[in-house]
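S.K.: Predicted coordinates and the sequence they were generated for:
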Amino acid sequence: MTKPEPFTQQFACNLSCGLLFLVVAFSHTRVLGAEKVFDYVPEDALGCVAFRNLEALDAKVQKFSELFEMPMPALLAFIQITTGFGEGFNTQGDVLLALLPGETLTSMPIPFVLIPVTDYAKFSESISGDQSGEICRVTIAGEDVLLAQKGTYAMLMNIENEETLVHLLQAAPAPVAALKPLDPWLVKNDVTITILPSGAKILFELGNQGLVEADKVSTTQDENAQNAEIFGSMQSVMAFYQSVLYFVSQEVEMASWGLSIDGEQNICLSKRVILNKKSRISQAGAIRVDQSPIIFSGFADQPFVVAGGGPIPENWATGLAKASSNMIRSMKAFYGLEDLSEDSWKDLEQSYTTMMQGLDSATMIMLPGEEKDPLFSNFYSVAAASNAEEYLDAYQEAAKTYSRIMSQSTHFNMEYVVEPKEIAGKPGCELSIDIASMMQDPNVPQFNWMLESMFGEDGKLHYFIVATDQKNLAISMGDPEKTTPLLADIENGETGLSRNKEVQMTMEHLPSTAPWKLLISPAGCVTWAERFANELLSNLTGQTMDFPEFPNSPPLGASLQIVDARIEGDLVWPAETLQALADYIKTCQEQ
């Protein structure tokens with residue numbers, strides 16, 4: 001196949017990449033016409049990008065510019081100057097960029113662009129084209145391209161693909177079957193990027209070919225290298241990537257990403273993954289929202305970094321355990337477990353299963369922590385179990401099994417120390433792993449302070465599990481004394497965090513049907529980042545920094561649900577938080 005004309009590179013870059021960046025910054029929700037533009041996507045297309053209402057987008061870009069005090073050029077003026085589009089160009093219409101398959105797997109895809117028009121004859125005349133709507137050659141940005149009318153759109157394509165253009169013009173608009181499950185979601189998006197089934201298949205094939213070639217290179221180097229252990233680990237990592245790619249290719253039919261902004265400037269980034277008919281994930285069934293725990297139950301209203309949780313379906317334990325075990329097994333050379341027996345691999349998988357079975361749900365929170373706290377501490381979780389004390393006993397035995405197997409590693413000391421421990425009069429256990437002995441390098445003593453900063457002076461990661469009552473477990477990382485307030489909060493049914501005004505503002509923007517939710521606090525992240533930066537600077541330069549406080553604002557929110565053979569993920573950025581970010585940037589600039 002011939003190489004695409006520079007039109008593809010220049011026009012697609014100017015239009016799709018430029019628009020994509022600006023749309024991600026700000027766009028406009030307009031329901032009318034959203035489905036119509038997708039009707040022009042062929043069934044065999046690899047993928048497409050759709051943008052809506054350029055005029056509204058232009059206004060949003062200017063508002064974004066004012067909010068962050070960043071001058072930006074007028075979007076419509078930029079497009080019209082660079083392309084020459086004049087009268088008849090529908091500035092309130094939708095733009096579509098789609099890719100069609102090339103002749104072979106590795107051929108360049110064939111792009112085409114749909115430009116909305118109000119009067120095709122006048123639009124065509126503005127760029128010296130044939131006003132009848134027939135295929136003609138025009139010059140845009142100094143490059144020759146093909147132009148023709150397709151409904152209320154002008155279709156553009158590079159000149160060597162005239163035969164493909166004729167075929168597209170003859171085809172009647174029709175909804176794409178693969179997109180039908182996403183119709184209610186598509187009409188809400190201001191920008192949508194979609195990898196269709198044909199495109200997903202090619203990506204998986206190309207990815208697998210790339211991994212096979214990389215594995216061949218590492219194998220050749222392994223045979224000739226003095227340090228064969230390094231390249232053996234590389235092969236192990238390649239095997240892991242191949243197993244992940246194979247799993248995803250067996251599960252995923254297609255994927256789509258969307259961005260929408262409502263009238264109040266609340267931003268939502270979302271993803272939809274359509275699972276194939278043989279998907280093990282879809283066969284596991286949807287999780288009903290009434291199966292979710294009371295979100296953030298047990299956590300008081302306090303500053304945090306991240307918080308989230310959701311149900312743990314009983315029928316998922318075996319699958320998740322197998323996936324965890326297979327991940328370790330695919331990288332056995334990296335972990336130094338090449339000589340592990342088949343029985344030990346089975347025991348490892350069973351230990352994962354035991355750790356997951358019996359739990360109904362789990363919620364977690366990470367707090368910013370105090371100045372002298374290890375960076376990897378102040379992590380707490382509340383888990384619901386069918387029988388908390390029975391689960392605690394089973395977990396300890398499973399942890400010992402896991403430790404026994406991992407202690408056979410020839411590369412790392414990954415042995416857990418498991419000790420029964422009573423905390424605040426409640427039965428529990430302490431688990432610790434000596435991270436320092438695993439990672440410390442006697443040849444690089446400067447690295448040791450970092451391990452102490454992350455895990456404490458002993459360089460060990462400590463976490464504790466306590467059966468607070470018949471149904472609940474408290475899990476904490478770091479100082480066991482800090483677990484006591486959490487135990488009291490669980491017993492008292494504390495729900496302060498979920499009742500926080502800013503938290504509720506974010507939760508209102510997340511789908512009520514989603515069983516898994518996560519909150520990210522910008523203020524908490526800034527506080528923790530300040531601790532991290534000062535720990536680093538104080539050891540390297542003896543100096544520290546004073547970060548401005550992030551304004552009080554709602555957290556970012558994320559949700560996940562699986563329904564109707566579809567994975568739905570959403571990330572929301574409330575308008576108040578966007579304003580707080582703008583104010584924070586201004587404060588930082590003034591200091």
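M.R.: Perfect, I can see it now. Just so we're clear, the structure is a prediction, and the values are computed from it rather than from any experiment.
S.K.: so where does V572 fall, helix or strand?
M.R.: In this structure, V572 sits in strand 566-573 according to DSSP states H and E.
S.K.: helices or strands up against that strand?
M.R.: Judged by 3 or more CB pairs under 8 Å, 6 or more residues apart in numbering; DSSP states H and E, strand 566-573 is in contact with strand 267-275, strand 556-562. (C-beta placed from N, C-alpha, C; glycine too.)
S.K.: I'd like those strands laid out as a markdown table, including distance to H411 and mean neighbour count.
M.R.: Formatted as a markdown table, these follow (distance: least, CB to CB, whole Å; neighbours: other CB atoms under 10 Å):
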| stretch | distance to H411 | mean neighbour count |
| --- | --- | --- |
| strand 267-275 | 35 | 20 |
| strand 556-562 | 34 | 22 |
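S.K.: Can I get those in TSV including mean pLDDT and distance to E419?
M.R.: As requested, these are arranged in TSV below (pLDDT from 0 to 100; distance: least, CB to CB, whole Å):
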stretch	mean pLDDT	distance to E419
strand 267-275	94	42
strand 556-562	94	35
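S.K.: Need those in TSV (columns: distance to N472).
M.R.: Converted to TSV, these look like this (distance: least, CB to CB, whole Å):
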stretch	distance to N472
strand 267-275	33
strand 556-562	23
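S.K.: still on that earlier bit, after the strand holding V572, which helix or strand is next? Please name it.
M.R.: Next element after strand 566-573 (DSSP H and E): helix 575-590.
S.K.: on that earlier part again, centre of the chain to the strand holding V572, how far?
M.R.: Its chain's C-alpha centre and that of strand 566-573 lie 9 Å apart, by CA atoms, centre = their mean, to the nearest Å.
S.K.: same deal with stretch 101-113?
M.R.: Put simply, stretch 101-113 sits 28 Å off its chain's centre (CA atoms, centre = their mean).
S.K.: Rounded mean pLDDT for that stretch, please.
M.R.: For stretch 101-113, mean pLDDT is 88.
S.K.: For that stretch, which residues meet the burial criterion?
M.R.: Neighbour counts over stretch 101-113 (16 or more other CB atoms under 10 Å) mark P101, G102, P109, I110, P111, F112, V113 as buried.
S.K.: Would you enumerate the residues in contact with A323?
M.R.: Counting by CB atoms under 8 Å, 6 or more residues apart in numbering, A323 touches F247.
S.K.: Next, work out how far apart it and Q561 are.
M.R.: Applying CB to CB, to the nearest Å, the value for A323 to Q561 is 20 Å.
S.K.: What of W316?
M.R.: To Q561, W316 is 14 Å away according to CB to CB.
S.K.: Ok, E419 next?
M.R.: For E419 relative to Q561 (CB to CB), the value is 39 Å.
S.K.: next one: K180
M.R.: 19 Å.
S.K.: Repeat that for P555.
M.R.: Taking CB to CB, one finds P555 at 19 Å from Q561.
S.K.: Ok, L473 next?
M.R.: 25 Å.
S.K.: Stretch 561-578: which residues count as buried?
M.R.: For stretch 561-578, the buried set under the neighbour-count rule, 16+ other CB under 10 Å, comprises 561-563, 565-578.
S.K.: Could I get the phi/psi values of D301?
M.R.: With angles defined as degrees, to the nearest 10, D301 sits at phi -70, psi 110.
S.K.: got a list of what it touches?
M.R.: By CB under 8 Å, 6+ apart, the neighbours of D301 are G496, L497, R499, N500.
S.K.: Identify the nearest residue to it in space, disregarding sequence-adjacent positions?
M.R.: Closest residue to D301 apart from its sequence neighbours, by CB to CB, 6 or more residues apart in numbering: G496 at 3.5 Å.
S.K.: Now do the same for the one you found: its pLDDT.
M.R.: Note on G496: pLDDT of 90.
S.K.: who touches it in this structure?
M.R.: F299, A300, D301, Q302.
S.K.: Please tell me how far the residue lying closest to the second one once chain neighbours are set aside sits from S297.
M.R.: Nearest in space to A300, with sequence neighbours left out and distances taken as CB to CB, 6+ apart, is G496 at 4.4 Å. Taking CB to CB as the measure, G496 falls 10 Å from S297.
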